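Novice: Build me a structure from this.
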Amino acid sequence: MIIQGHETLKKAAYIAIAALGTLFVLGVIFFKERVFFADASYILFNILNIGKLHIPEHRYGAFITQMFPWFGQKLHLPIRTIIIAYALSFNFFYLSVGAVLVYKCRQYGLAILMTLYYFLFVSDSYFWTNNEIQQAIAWMFLMFGTTIYLANRKANIIVSLLVFSVLAFFTVFTHFVVILPLGFLWIYFLLSKELWPVSMKLSVIYTIILAVIVVVKYLVTVDQSYDAVHLHNATHFSLRDIFHSITVPEVLRFFRRCITNYWIAGVVFVFSFLALLRQRKTYVALWTLLSIAGYIIAMGLTYNDPNSNITLFHIESEWASLGIIIAAPFVFTFLPRLQPRRALLLLSGILLIRFGYICSAIPAFSWRTTYKNQVMDAMRKKGIHKLAINLNSEYAEKTILYWGLPYESLLLSAMQGDQPQLTFFYSTPDYKTAPADCMDNGFFPIPSRLLQHNYFLIDTMQSYQTMTHEELFK
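Specialist: Next up, the predicted model:
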């Protein structure tokens, strides 16, 4: 229950802030594992190289983290400083939003629920930093927190509408998936009137604004190359597809992980549902169950390829928002009924258990960093500055995702002070070496003249050398 000064939720919110702070500290320790991984390196490279924010698929809310390397580039800061700042910007944003919810808005329940989102269904996805859905969720909680705060303060309606519209825009446009937890919480708050101090008239206006933003987001997304593919499956289906959606491989794998990895989320769900039943919140309980079922069906429709086996870090990020639906009654109905000591112990236990599963993903991502350093050490010993390694299925699988290796290795080499910098990638047997004055990103060559020479200086005399792992480490 979102009540200012509620002792149980207030103390529990401090635990939530501490947990977000712990994720931030973990990000400090393992910043290389997180920033030298696929999308983060690609976007960081583009920001430094072009000098502009790199916003794919109209995901405008991502500016909040991209400002760090953008400002760093404008101030000509050392590349190591920029890399570390970008790596830490993500969890700094989440921690900052949590702090605003607790210390400014006094929305303790929202802070707890947001924290549970970053834990309940998270392990490998913690290391996929540049995942816009995580940023969209933070925007969403900031939107709810400030909206309730302004309503409690009886703020000027023009100010309230302006703030809501801006935050709603960043929420929806940052990632389309956020519409699922956003829609759930919107109805949840309207059904739980004690949680929503906004007048009915203003709520109707907010709803219209949200609907317009969602429609605009859909219209600009439906023709996009990446999001449109996923959106098509979720919006073009038959009744038969709905029935079969819960049996597709990705959904069945999720169910198995709910036993082996996410089992504590099941405990949270039991607490949530029983609390709603005991307090006879029938409509809220029904809405929660329908939302859970709807989320699972939406995932089954979206990822319906029977031959797909999406990497854990990716599919986990798609499932994570389900944690908001499962945990909302736990936060707003179950926890407030507990004595503060019991609530703190329970919440701490849940977060500690999930933190353990996040830490269990460290070895796989640390291996990637160690492996890249080993490859570059071997390159230095052999006097190689640009390398195309013959694709090896064993190493490719352990690398988890390897399309970003050219950017990851270039940035890592730049941070380590190499002159010229080293870069490598996995090549196919029919690979034709790029011109000597180019960097090959694995898809096409980038001429040296198009690189920002304040940060990127490659060898323009040496062509890419092609060899196997065995030849490299011989």
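Novice: Return the backbone torsion pair for residue 440.
Specialist: phi -90, psi 120 (degrees, to the nearest 10).
Novice: residues contacting residue 105?
Specialist: 145-146, 148-149 (Cβ atoms under 8 Å, 6 or more residues apart in numbering). Heads up, the C-betas are built off the backbone N, CA and C, glycines and all.
Novice: how about these in CSV, adding neighbour count?
Specialist: Output for those, formatted as CSV (neighbours: other Cβ atoms under 10 Å):
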residue, neighbour count
145, 25
146, 21
148, 22
149, 21
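Novice: Can you list which of the residues you listed are found in helices?
Specialist: 145-146, 148-149 (DSSP state H).
Novice: need those residues in JSON lines with distance to residue 349 and pLDDT, can you?
Specialist: Below are the ones in helices among the contacts of residue 105 laid out as JSON lines (distance: Cβ to Cβ, whole Å; pLDDT from 0 to 100):
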{"residue": "145", "distance to residue 349": "26", "pLDDT": "98"}
{"residue": "146", "distance to residue 349": "31", "pLDDT": "98"}
{"residue": "148", "distance to residue 349": "28", "pLDDT": "97"}
{"residue": "149", "distance to residue 349": "30", "pLDDT": "97"}
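Novice: Residue 270: how many residues sit nearby?
Specialist: 12 (other Cβ atoms under 10 Å).
Novice: From residue 385, how far out is it?
Specialist: Applying Cβ to Cβ, to the nearest Å, the value for residue 270 to residue 385 is 57 Å.
Novice: swap in residue 327?
Specialist: 50 Å.
Novice: Surely residue 446 is in a helix?
Specialist: No. Applying DSSP: H, G, I helix; E, B strand; the rest coil, one finds residue 446 to be strand, outside a helix.
Novice: what residues are up against the residue nearest to it when sequence neighbours are not counted?
Specialist: Closest residue in space to residue 446, ignoring its immediate chain neighbours: residue 439 at 4.7 Å, by Cβ to Cβ, 6 or more residues apart in numbering. Residues in contact with residue 439 (Cβ under 8 Å, 6+ apart) are 386, 406, 410, 423, 445-446, 448, 451, 456, 458.
Novice: how about 7 Å then?
Specialist: Counting by Cβ atoms under 7 Å, 6 or more residues apart in numbering, residue 439 touches 406, 410, 423, 445-446, 451, 458.
Novice: and the two most separated of those?
Specialist: 410 and 445 (13.5 Å; Cβ to Cβ).
Novice: quick one, which of the two is more surrounded?
Specialist: With neighbours defined as other Cβ under 10 Å, residue 410 and residue 445 compare such that residue 410 has more, 27 against 15.
Novice: buried sites along the lowest-mean-pLDDT helix or strand in the chain?
Specialist: The helix or strand of the chain with the poorest confidence is helix 227-235; it has a mean of 73 (mean pLDDT, DSSP states H and E). Across helix 227-235, burial judged by 16 or more other Cβ atoms under 10 Å covers 227, 230-231, 233-234.
Novice: Which residue, other than its chain neighbours, is closest to residue 266?
Specialist: That would be residue 258: by Cβ to Cβ, 6+ apart, it lies 6.1 Å from residue 266.
Novice: Could I get the buried residue list for the helix or strand containing residue 271?
Specialist: Assigned by DSSP states H and E, residue 271 belongs to helix 263-278. For helix 263-278, the neighbour count (16+ other Cβ under 10 Å) marks 264-265, 268-269, 271-273, 275-276 as buried.
Novice: How about stretch 246-254?
Specialist: Buried residues in stretch 246-254 (16+ other Cβ under 10 Å): 248-251, 253-254.
Novice: same question, stretch 403-423
Specialist: 403-415, 418, 420-423.
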